[in-house]
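1. just the structure for this:
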Amino acid sequence: MTATPGTEFHAATRPHELRRVAFATVIGTTIEWYDFFLYASAAALVFGALFFAPAGPQFATILAFATVGISFLFRPLGAFLAGHYGDKIGRKAMLVITLILMGAATTLIGVLPTYEQIGMAAPVLLILLRIVQGLSTGGEWGGAVLMAVEHAPGGKRGRFGAFPQIGVPIGLLLASGILALMTGVISPGDAFLEWGWRIPFLLSFVLIIVGIVVRRAVDESPVFQEIAAKKEKAKTPILTLFRRHWLLVLLAALTFAGNNAAGYMTTGGYLQNYATTPVEDGGLVGMERTPVLLAVAGASIVWLICTFAAGIVSDRIGRRNTYIIGWIAFLATVFLLFPLTNTGNPWLLFLGVSLFAIGNGFTYGQQAAYFTELFPASIRYSGVSITYAIGAIIGGAFAPTIAAWLVQSTGTATSVAFYIAGVMVIAFIATLLLRDRTGIPLGPDHEAEQSQRHFVWEK
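-> Numbers count the residues shown, from 1 in each chain. From the prediction side, this is the model:
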């Protein structure tokens, strides 16, 4: 029988400690992604008018979405830095640092002057703060999932790895819900454009304090404790990763690219902009902001449920089989999303986004355990973080920008559906080429086993 990684640490991990780890990873990831989705939604709703107005309504929207994509370009740098130091000084320290960076950037966006007030300095400062968000996001996810999965009992890695994953739909739910409250109740109409959009950004400061307190109370990952005790830290984890596992990084990144390209149709703000742009400004639907935000917020609950379910299911049938279910669900619904949105009916919009969320959840919930089981212990933080960042660039960085360009070029969102489906098919193929490694030992004593047999063609 193969030993469970870090047995001596797992045996001492009491249920209350496991619950504390789960809570810490989900609360931190929720805050990080609340900040991230808040920016994406604001880019869809108001940033074009506030920071890029001289470009005209349609091109201002493309520029606003481009700032969403710019942060993705800096995710690899954040992943490189966090991966390097996460593999050398530990997972816990990097989690606190990335949370502080994200919260500070988001709060400062909330007090940023607009183009009308300070001219070109406004979009420049906005882009700089977005870059800080990208650096933070690039490093945060890897640390959160490793804390969750490396603490987990061997047969429940998918379940515990799903906790940081559900922080993403919770973050979307909070961001969409608070924006809907602002647009529909507290600052409707012009008041939202004048000052209401700032309040959700300023709330990040309060959330960040809570997240820091919670994360500091959690013990370091047991696998990293083993690595530190045995003095087996890699001297240059990033160089080792690319020298020995470049193909693994590429294929795993492609699996995430499919999820990311699809997911950022809603989480990246594109669908919100598509549904709310007035017809007189070139829009095709022209819905009010509040019902669209509420529909997305409601669908994020479906995404949350499916994400957690995918983690649990993957412990029973394997990560790879769970992915296959997700890709089939995605491909079955991708051509329904925009026709349902085009009706202009908020309930049908909710139905379309909710159906889409099923595939989103079943290609996301198991990802924490899946990526953790792919890489050797000594370079795992680097492997997980950098793979995630590269996948995000390939799939999601400019997906909203590409979608906006496709609709302007073709006059129909069907072209966007074909684009998303194409990326999904590539991700599906990448999934089939990688071997299922569910349950592989994670500790440093099993580096040899962890370093081989990643691909289906290897015997």
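2. for the stretch 51-200 of the chain, give me the ranges with low pLDDT.
-> Along the stretch 51-200 of the chain, the parts satisfying pLDDT under 70 run over 89-91.
3. quick one: the strands in it?
-> In the stretch 51-200 of the chain, no strands are defined using DSSP state E, counting those that start in this stretch.
4. how much distance is there from stretch 319-327 to the middle of the chain?
-> The chain centre lies 18 Å from the centre of stretch 319-327; the measure is Cα atoms, centre = their mean, to the nearest Å.
5. an error on my part: the question was meant for stretch 320-330.
-> With Cα atoms, centre = their mean, you get 18 Å for stretch 320-330.
6. now it - C-alpha only, PDB.
-> The C-alpha coordinates for stretch 320-330 follow below in PDB (Å, rounded to 0.1, in the frame of the first residue of the first chain):
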ATOM      1  CA  ARG A 320      -9.800  13.400 -15.900                       C
ATOM      2  CA  ASN A 321     -13.200  11.800 -16.100                       C
ATOM      3  CA  THR A 322     -14.700  14.700 -14.300                       C
ATOM      4  CA  TYR A 323     -13.100  17.100 -16.800                       C
ATOM      5  CA  ILE A 324     -14.600  15.100 -19.700                       C
ATOM      6  CA  ILE A 325     -18.100  15.500 -18.100                       C
ATOM      7  CA  GLY A 326     -17.400  19.300 -17.900                       C
ATOM      8  CA  TRP A 327     -16.300  19.700 -21.500                       C
ATOM      9  CA  ILE A 328     -19.300  17.800 -22.800                       C
ATOM     10  CA  ALA A 329     -21.600  20.000 -20.700                       C
ATOM     11  CA  PHE A 330     -19.800  23.200 -22.000                       C
END
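7. what residues does that stretch touch?
-> 158, 255, 258-259, 262, 310, 313-314, 356, 358-366, 370, 424, 427-428, 431-432, 434-436, 438 (Cβ atoms under 8 Å, 6 or more residues apart in numbering). (Each C-beta comes from the backbone N, C-alpha and C, glycine too.)
8. return the subset of these lying in helices.
-> The members of the contacts of stretch 320-330 that map onto helices under DSSP state H are 158, 255, 258-259, 262, 310, 313-314, 356, 358-362, 370, 424, 427-428, 431-432.
9. which non-adjacent residue is nearest the residue nearest the centre of the chain?
-> Taking Cα atoms, centre = their mean, the centroid of the chain lies closest to Val168, which sits 6.1 Å from it. In this structure, Val168 finds its nearest non-sequential neighbour in Trp33, 4.8 Å apart by Cβ to Cβ, 6 or more residues apart in numbering.
10. ditto for Ile394
-> Nearest residue to Ile394, sequence neighbours excluded (Cβ to Cβ, 6+ apart): Ala257, at 4.0 Å.
11. over to Leu434?
-> Leu251 (5.6 Å).
12. helices and strands around the strand or helix carrying the one you found, which ones?
-> Counting by DSSP states H and E, the element that carries Leu251 is helix 237-263. Using 3 or more Cβ pairs under 8 Å, 6 or more residues apart in numbering; DSSP states H and E, the elements in contact with helix 237-263 are helix 75-89, helix 319-333, helix 346-362, helix 367-374, helix 380-395, helix 414-433.
13. which strands and helices sit next to the last one?
-> In this structure, helix 414-433 packs against helix 237-263, helix 319-333, helix 337-342, helix 399-410, with contacts taken as 3+ Cβ pairs under 8 Å, 6+ apart.
14. just put those in JSON lines and tack on mean pLDDT, distance to Ala53 and mean neighbour count.
-> Listed next are the helices and strands packed on helix 414-433 as JSON lines, based on pLDDT from 0 to 100; distance: least, Cβ to Cβ, whole Å; neighbours: other Cβ atoms under 10 Å:
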{"stretch": "helix 237-263", "mean pLDDT": "90", "distance to Ala53": "29", "mean neighbour count": "21"}
{"stretch": "helix 319-333", "mean pLDDT": "95", "distance to Ala53": "36", "mean neighbour count": "21"}
{"stretch": "helix 337-342", "mean pLDDT": "92", "distance to Ala53": "26", "mean neighbour count": "20"}
{"stretch": "helix 399-410", "mean pLDDT": "84", "distance to Ala53": "17", "mean neighbour count": "20"}
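15. tabulate these in TSV, adding columns for distance to Val185.
-> Output for the helices and strands packed on helix 414-433, formatted as TSV (distance: least, Cβ to Cβ, whole Å):
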stretch	distance to Val185
helix 237-263	28
helix 319-333	32
helix 337-342	24
helix 399-410	27
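16. among those helices, which is nearest Leu108?
-> helix 399-410 (23.0 Å; Cβ to Cβ).
17. can you show me the CA trace of the closest one as CSV?
-> Provided in CSV are the C-alpha atoms of helix 399-410 (Å, rounded to 0.1, in the frame of the first residue of the first chain):
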residue,chain,number,x,y,z
ALA,A,399,-11.4,36.7,-24.5
PRO,A,400,-13.7,39.6,-23.8
THR,A,401,-11.8,41.9,-26.1
ILE,A,402,-11.8,39.3,-28.9
ALA,A,403,-15.5,38.7,-28.3
ALA,A,404,-16.2,42.5,-28.6
TRP,A,405,-14.2,42.6,-31.8
LEU,A,406,-16.0,39.6,-33.3
VAL,A,407,-19.4,41.0,-32.6
GLN,A,408,-18.5,44.4,-34.1
SER,A,409,-17.0,42.7,-37.2
THR,A,410,-19.7,40.1,-37.8
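18. now it: how far from the chain's centre is it?
-> 21 Å.
19. pull out the buried members of the contacts of stretch 320-330.
-> 158, 255, 258-259, 262, 310, 313-314, 356, 358-366, 370, 424, 427-428, 431, 434, 436, 438 (16 or more other Cβ atoms under 10 Å).
20. returning to what we had before: between the helices and strands packed on helix 237-263, which gets nearest to Ile208?
-> helix 75-89 (17.0 Å).
21. so the closest one versus helix 380-395, what angle?
-> 170 degrees (axes from the mean of the first three to the mean of the last three Cα atoms, to 10 degrees).
22. quick one, helix 75-89 and helix 237-263 angle?
-> 130 degrees.
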